[in-house]
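*Asks:* Please work out how this folds:
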Amino acid sequence: MNFGQAITSGFSNYVNFSDRASRSEYWFWILFYFICLVVAIIIDSVLRTRVLTAVVWLGIVLPTLALSVRRLHDLDRSGWWIFLAFIPLVGAIILLIWHCTKGTDGPNRFGPDPLTAVGG
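*Replies:* Residues are numbered from 1 along each chain as shown. Sure, this is the predicted structure:
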C-alpha cells in the first residue's frame, strides 16, 4: 500500500474497528498524522493560536484509533489491547513493537490478509 492509498483508506474506514490493517497502511497514516500536526503547529505559531492544531487533532484522532485497532487485528489480537497505552512507558513500548511486527499471513479471525486483498 502506498502513501495515497493509506490516507484514502484511513479516512474511508475512520470508524471501522473490525477489519485488518497492514503495517504500511498504519505507518503511512502515522506519517500523514505527524505531517498534518507539524503544519498545523507551524501555522498556529504564526497566528499565535492553537485552534488549527486542535481541529486537526480532532479530525484525525478517531481514524487513528480505528487504524490502531485494525493493526492489532492484523496481528490476531483483540482491539482491546489498545488500552495498554494507558500503562506509562511499558504499554507504549509494547504497542510500538506490535505495530512494527508483521501481521498474520493469510486470513485470521478478523478477516482476510490486507496485503493479499490489495494485491500485495
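
*Asks:* Quick check: which ranges of this structure have low pLDDT?
*Replies:* For the chain, the stretches with pLDDT under 70 are 117-120.

*Asks:* For it, which segments count as helices?
*Replies:* With DSSP state H as the criterion, the chain has helices at 3-12, 23-47, 51-74, 90-100, 114-117.

*Asks:* can you tell me which of these comes nearest to Asn108?
*Replies:* helix 51-74 (7.7 Å; C-beta to C-beta). Every residue, glycine included, has its C-beta placed from N, CA and C.

*Asks:* CA-only coordinates of that closest one, as CSV, when you get a sec.
*Replies:* What follows is helix 51-74, C-alpha atoms only, in CSV (Å, rounded to 0.1, in the frame of the first residue of the first chain):
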residue,chain,number,x,y,z
VAL,A,51,-7.2,26.4,17.1
LEU,A,52,-5.9,24.7,13.9
THR,A,53,-3.9,22.2,15.9
ALA,A,54,-7.0,21.3,17.9
VAL,A,55,-9.1,21.0,14.8
VAL,A,56,-6.5,18.8,13.0
TRP,A,57,-6.2,16.6,16.1
LEU,A,58,-9.9,16.2,16.5
GLY,A,59,-10.3,15.3,12.8
ILE,A,60,-7.6,12.7,12.8
VAL,A,61,-7.8,11.1,16.3
LEU,A,62,-10.8,8.8,15.6
PRO,A,63,-9.3,7.4,12.3
THR,A,64,-6.0,6.9,14.1
LEU,A,65,-7.7,5.0,16.9
ALA,A,66,-9.6,2.8,14.4
LEU,A,67,-6.5,2.1,12.4
SER,A,68,-4.5,1.1,15.5
VAL,A,69,-7.3,-1.4,16.4
ARG,A,70,-7.3,-2.8,12.9
ARG,A,71,-3.5,-3.0,13.1
LEU,A,72,-3.8,-5.1,16.2
HIS,A,73,-6.4,-7.3,14.4
ASP,A,74,-3.8,-7.9,11.7
